[in-house]
Structures are given as structure tokens and as C-alpha cells.
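Novice: Need a 3D model of the sequence below.
(one chain, ligands or ions: 1)
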Amino acid sequence: MGEFRPDHTEEASVAVGSNGAQTDHRVGLVFDDRFLTHNTGLWLIQDRELYPFADPVPHVSSPGLVGRAKHLMDLAGLTDQMVRLHAVPVDDQALLAYHTPDYLARVAELAKAGGDAGEGAPLGPGGDRVARLAAGAALAGVDAVMQDRVRAAYALIRPPGHHAMADRGMGFCLFNNVVVAARHAQRAHGAEKVLVLDWDVHHGNGTQDAFYDDPTVLFISLHQEDLYPVGWGTIDQAGTGAGEGFTVNVPLPAGTGNRGYREAFERVVLPVVGRFAPDLILVSAGQDASVLDPLGRMCLTAGAYGEMTRLMMEVAAATCDGRLVITQEGGYAPQYAPYCSASIAEALVGPVEGVTPIPDPYQPRSEQMPTTRTLGLDAKRALNEAVAFHQRSWQL
Ligand SMILES: [Zn+2]
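Specialist: Numbering: from 1, shown residues only. A predicted model of the protein is given here:
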């Protein structure tokens, strides 16, 4: 078991394992207890009047989920193997890379008492600072990777970001962390081409919007078709102007599962990333495609998150010296999402002495799900359609 360490300690050196030897796997972790103060309240989605349950039901995007993921990683000894990176709240300049001045002012005003920053984007008193800290955590990961202090980094943050539009929050997201991070990589570190892979079960509409006409940031999204937001993420939304072909949507049917995601990586994600040859890879990592998630129906297992992470590490190694920053988005199964997040961290760190392998609590049933091993006909149809369309821009 790893011992607990204070959460605000930056250890900007190579991680030292329990045996005193330097590890070969420098992986950064950005987590801050202040993320846990992101207050999303008690209401149900689509029901702002508190439904009179005898026991109050926390909002589904409770920040406690990333807290439990961090706790699980601590107990397994994973965080001891990671380089702790320190986040500071981003300033206006960083946010203005995408967001409007009016929106920044509105969020600051709302944060005095709490409210909704748009369409289902709750924040409590002081929420502006927590959201700026989340974006700052994504930047801290980018800084550490671009400065070669770590090979890869995991920003385990709250609130999430990928639905946030320039002028409003959406879908639990206040500021678009991954957009701000991509622009920061370009402006502060000279990254010419940035890849954003979004595997959250929902479509990353804000991220798509930010880079829709921009060929320097390639956005790939795997998501459940016709879920949220309505109307976003269809195959034919592929970019405009100079950005045509640099938005790659792969909508997948409910129930796609491990095997279908594996095929999506092999047939679309990995070939496109390889041909784009980015200088940095960012992942909008939502663990809400998991089999137990209340908001998605995609049947991924915890092991699938580790496998997707390993595939991205491999393509990062082949294209950009391994530079990979994973930022937390959704993931709402209280009993399972933390395992999916820990599986990502486990893959990043790799097998190391002192780390206890984290079992999948849903095993062996997850292995017995048909979608773990077989490609359903609907998923096959969806992948064939995506490949046929994106062949216009990419050799697949
Ligand atoms: Zn989501």
C-alpha cells in the first residue's frame, strides 16, 4: 500500500519508487483537493426543483467521483509513482483563447452566490476559482510534458470542460479545459499541431466548435450517437474552410462495448493520428462510456480504459516522443468510474514494483458481456460509415 501524501506538494523531480530507484516512467498527476469543493448541488438533471427524496441525491456530476478515483490510486500505490504537478488558477488571458469576455464576467458574477452558467452548468459560491483551477491543472500537465519534466500526465480535475462553449457553460462544464490547454501548448510552447481525442460518451461540442475551422488542432470524438448534446457529433460535421477534415466524428450505437471501441481505434483513431503526426496529444477522458454509467449505454469495462490509454501511449511514442496529457471529463458511476480512472493511471505508470494491480470489481461478468468480445452489427455499420466518410480526408 502506498502512504498518503499531502495533496499540495509539488515534486517536480523524477519519481522515486519505494525501493529508492528512479523509475523510467515519469508520469505527472495533477490533482487538488479544491476540486472537491466544486459544488454541483442536489438537484436531478432536468429537475431544478429538488425532488423530495427522503435521502437527498447529489447531482450526478458530484466532484466526489474524482476524489474517490484519487483515493483508489493512493491506496494502490499509484500516486506514489507519479510526479505531483502543481496547478494554479488560469488568468483571463488563458481563458480568452476561447471564451468571451462577457462570459468570464458572467461566471465571476454567478460565483458570488452560485447558479447556472448556461445550460446545466452548475457552480456554487466560489466556483469560478475552482473552474479556473481545473483549467490551470490541464495547463500544468501541458507545461510539464512540453518541458519534458514528465513523459505523460493525468489531470484528474473537476469541473469538466468539453461541453463548454465560448459564451456559455453546458453539460456540467464551465470552462473548456482541453481547448485552453491546446491553445496554451501552441502559444507558450510552440506546438504546431495538437491532437485532441475525446472518448467521453457525450460529444465534445465545445472542443469541436473551438477548432472547427482550424487545421492545426485535430479533433477526434468517439461518442454514443444521438445522446448529448442533441444535433452534435454527426459524421458529416467534419470541419470547415481550412479546417475541413480536421474534425473526425465517430458516433457509435448504444452498447458498442470493448470490441467496437478497439475497432474504432484500429480503423480510425490510430491511422488518423499517425498521419496527422501531432506535436502533442490531449485526451478528453470521460469514463461515462463504462458499463455501469447512469448517463451512457456503451458497456466499456475498466480494462478498456487502460487499453485505450496504452494505445494512445503507443501512438504518442510513434508520433510525438510520447507527449500525452489526459484530462478528466465525465464518468458518473459512483462504484465504477473510479476504477476506470485508476485503470488509466495504471496504464500510464505501467507495471512497477510497489503498485498493487487494481482489480475490476465487475469481473468476471464484464468479460462475459457479448460486446466485450464481439462486434455488434450496429457498431459494425457505424464504423463502416465513419471509415467511408473520413476516407475523403484521411487514408484509412
Ligand atoms: Zn460525458
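
Novice: List the contacts of Gly257.
Specialist: By Cβ atoms under 8 Å, 6 or more residues apart in numbering, the residues touching Gly257 are Met298, Cys299, Leu300, Met369, Pro370, Thr371, Thr372, Gly376, Ala379. All C-beta atoms are positioned from the backbone trio N, CA, C, and that covers glycine.

Novice: so how far is Glu263 from Ala254?
Specialist: 16 Å (Cβ to Cβ, to the nearest Å).

Novice: let me fix that: Pro294
Specialist: From Pro294 to Glu263 the distance is 26 Å (Cβ to Cβ).

Novice: Which residue, other than its chain neighbours, is closest to Gly245?
Specialist: Ser393 (3.0 Å; Cβ to Cβ, 6 or more residues apart in numbering).

Novice: Backbone dihedrals for the one you found, both of them.
Specialist: In terms of degrees, to the nearest 10, the main-chain angles of Ser393 are phi -110, psi -20.

Novice: Count the neighbours of it for me.
Specialist: 16 (other Cβ atoms under 10 Å).

Novice: swap in Ala166?
Specialist: By other Cβ under 10 Å, neighbour count at Ala166 equals 15.

Novice: now stretch 55-72, how far from the centre of its chain.
Specialist: Remark: stretch 55-72 is offset 16 Å from the chain centroid, using Cα atoms, centre = their mean, to the nearest Å.

Novice: Do me a favour and get the end-to-end distance for stretch 205-222?
Specialist: Criterion Cα to Cα, to the nearest Å; first-to-last residue distance in stretch 205-222 is 12 Å.

Novice: what about that stretch, near the ion?
Specialist: No: in terms of Cβ under 5 Å from the ion, no part of stretch 205-222 sits within range of the ion; the closest distance is 10.9 Å.

Novice: Could you give the average pLDDT over that stretch?
Specialist: Stretch 205-222 comes out with an average pLDDT of 98.

Novice: rewinding a little: and the contacts of Gly257 as JSON lines, adding secondary structure and distance to the ion?
Specialist: What follows is the contacts of Gly257, written out as JSON lines (DSSP: H, G, I helix; E, B strand; the rest coil; distance: Cβ to the ion, whole Å):
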{"residue": "Met298", "secondary structure": "coil", "distance to the ion": "11"}
{"residue": "Cys299", "secondary structure": "coil", "distance to the ion": "15"}
{"residue": "Leu300", "secondary structure": "strand", "distance to the ion": "13"}
{"residue": "Met369", "secondary structure": "coil", "distance to the ion": "21"}
{"residue": "Pro370", "secondary structure": "helix", "distance to the ion": "24"}
{"residue": "Thr371", "secondary structure": "helix", "distance to the ion": "19"}
{"residue": "Thr372", "secondary structure": "helix", "distance to the ion": "21"}
{"residue": "Gly376", "secondary structure": "coil", "distance to the ion": "22"}
{"residue": "Ala379", "secondary structure": "helix", "distance to the ion": "19"}
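
Novice: Can you select the buried ones among these for me in PyMOL?
Specialist: To isolate the buried subset of the contacts of Gly257 in PyMOL, counting by 16 or more other Cβ atoms under 10 Å, use the following:
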select buried, resi 298+299+300+369+371+372+376+379
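
Novice: No further queries at this time; thank you.
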